[in-house]
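**Student:** Dropping a prediction and its sequence here:
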Amino acid sequence: MGPTERRTLGSLVDDALDELYRHEERPASATLSAALGGTATDTTVVVSDVSLFQVTNVVEVGSELMLVTAIVSSELTLSRGYAGTTRAAHESGAEIRRQPRFGRAAVAEKVYRSLGAMETWVYPLVSEEYSTTDTATLFVELPSNTVNVERVRYQDPTTGRIIDLPGWEFHFDLPTTVAESTVALQVPSRVRTTDSLIVTRRISYRWRDTSESSGSGDVYTTDPIEEDTVDLPIAGQDLPSAWAAASVALGRELSRQDLDRVPEWSEEAARAQGVNLRLVRELYGNFYRRIDEVQRTYPRYNYRPFRKMGRA
């Protein structure tokens, strides 16, 4: 896939919010004058400018939404973990935002989902060396994050040349008794167990758990926090943010074909649904343009050796 850049979930969320607020006024904000704990009993906090807030306002600190239920002097009483967000501890000096148009937790969820959307157009490839381990079946067990095998090569023991190997088969649903990862490559019988295979695998994007990863290897998570990281192609390191911003603005995913029909939508109906058509067109148009640029920079490798079809 070419060179990559490691991005944190938090930085991608920040970029998506910057895109969204280029067309919207950012919410008024103050700061916490004291730390706010993360327990169920931590429901009051002093803020730097209480005049900005009213009872029934929804406020946001970090990724947590809260409902203002009372105001006494410079202190807010809050209903924590509002709208399904997670209650968390917040430090003194943290920003508290009034009535945010785009919730940070909702944007983070879209950034997380964006990787699956990206894999449709821009998928990561890795080439690694393997050798067969089973002389009877000639299976090569592959890591569990393998989505597909794009190419198999080997070094000819006679000439030393690296050539493509035809006749291989990729299995992705094997029982664990055959391959513990359930994913394996089966090579033709002419391959010897001593031959070294160069396998180009299509893999999925994965979030790296920074709190667990160490010198002994990376640990991956399906429930990332803002400090966790993902490796993205250099030319497409902003794709998750672009997709998340567009998806949040519309409230759902929009295909390239649907984007062409956006001008046909009723402006009145869009306004009634709270949709800014100009913003949707711009954000989704930007995402698909960036996809095209990345594909030109890193063309996908779709080559597969010719296989002669047998007669029925």
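**Tutor:** Arrived safely.

**Student:** Next up, the contacts around Val58.
**Tutor:** Leu65, Met66, Leu67, Val68, Tyr82, Ala83, Gln99, Pro100 (CB atoms under 8 Å, 6 or more residues apart in numbering). Every residue, glycine included, has its C-beta placed from N, CA and C.

**Student:** what about 6 Å?
**Tutor:** Listed by CB atoms under 6 Å, 6 or more residues apart in numbering, the contact partners of Val58 are Leu65, Leu67, Gln99.

**Student:** Check Val147 too.
**Tutor:** Arg202, Ser204.

**Student:** Surely it is in a strand?
**Tutor:** Yes: assessed with DSSP: H, G, I helix; E, B strand; the rest coil, Val147 lies in a strand.

**Student:** burial of Val152, as a residue count?
**Tutor:** Val152 has 25 neighbouring residues, counting by other CB atoms under 10 Å.

**Student:** OK, contacts around the residue nearest to the spatial centre of the chain?
**Tutor:** Nearest residue to the geometric centre of the chain (CA atoms, centre = their mean): Leu115, 3.3 Å. With contact set as CB under 6 Å, 6+ apart, Leu115 has these partners: Tyr205.

**Student:** what secondary structure does it sit in?
**Tutor:** Going by three-state DSSP: Leu115 is helix.

**Student:** Quick check: it vs Leu239, distance?
**Tutor:** According to CB to CB, to the nearest Å, Leu115 and Leu239 sit 9 Å apart.

**Student:** buried stuff in stretch 143-159?
**Tutor:** Asn145, Thr146, Val147, Val149, Glu150, Arg151, Val152, Arg153, Tyr154 (16 or more other CB atoms under 10 Å).

**Student:** could you dump that stretch to PDB, C-alpha only?
**Tutor:** Extracted in PDB, the C-alpha atoms of stretch 143-159 (Å, rounded to 0.1, in the frame of the first residue of the first chain):
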ATOM      1  CA  PRO A 143      -2.900 -14.200  10.200                       C
ATOM      2  CA  SER A 144      -6.600 -13.800  11.100                       C
ATOM      3  CA  ASN A 145      -6.700 -10.200   9.700                       C
ATOM      4  CA  THR A 146      -6.300 -11.500   6.200                       C
ATOM      5  CA  VAL A 147      -9.200 -10.400   4.000                       C
ATOM      6  CA  ASN A 148      -7.900 -11.900   0.800                       C
ATOM      7  CA  VAL A 149      -4.700 -13.000  -1.000                       C
ATOM      8  CA  GLU A 150      -3.800 -10.900  -4.000                       C
ATOM      9  CA  ARG A 151      -0.600 -12.600  -5.200                       C
ATOM     10  CA  VAL A 152       1.700 -15.500  -4.500                       C
ATOM     11  CA  ARG A 153       5.300 -15.700  -5.700                       C
ATOM     12  CA  TYR A 154       8.200 -17.900  -4.900                       C
ATOM     13  CA  GLN A 155      11.900 -18.100  -5.600                       C
ATOM     14  CA  ASP A 156      12.700 -20.800  -8.200                       C
ATOM     15  CA  PRO A 157      15.300 -23.100  -6.600                       C
ATOM     16  CA  THR A 158      17.100 -23.600  -9.900                       C
ATOM     17  CA  THR A 159      17.400 -20.100 -11.400                       C
END
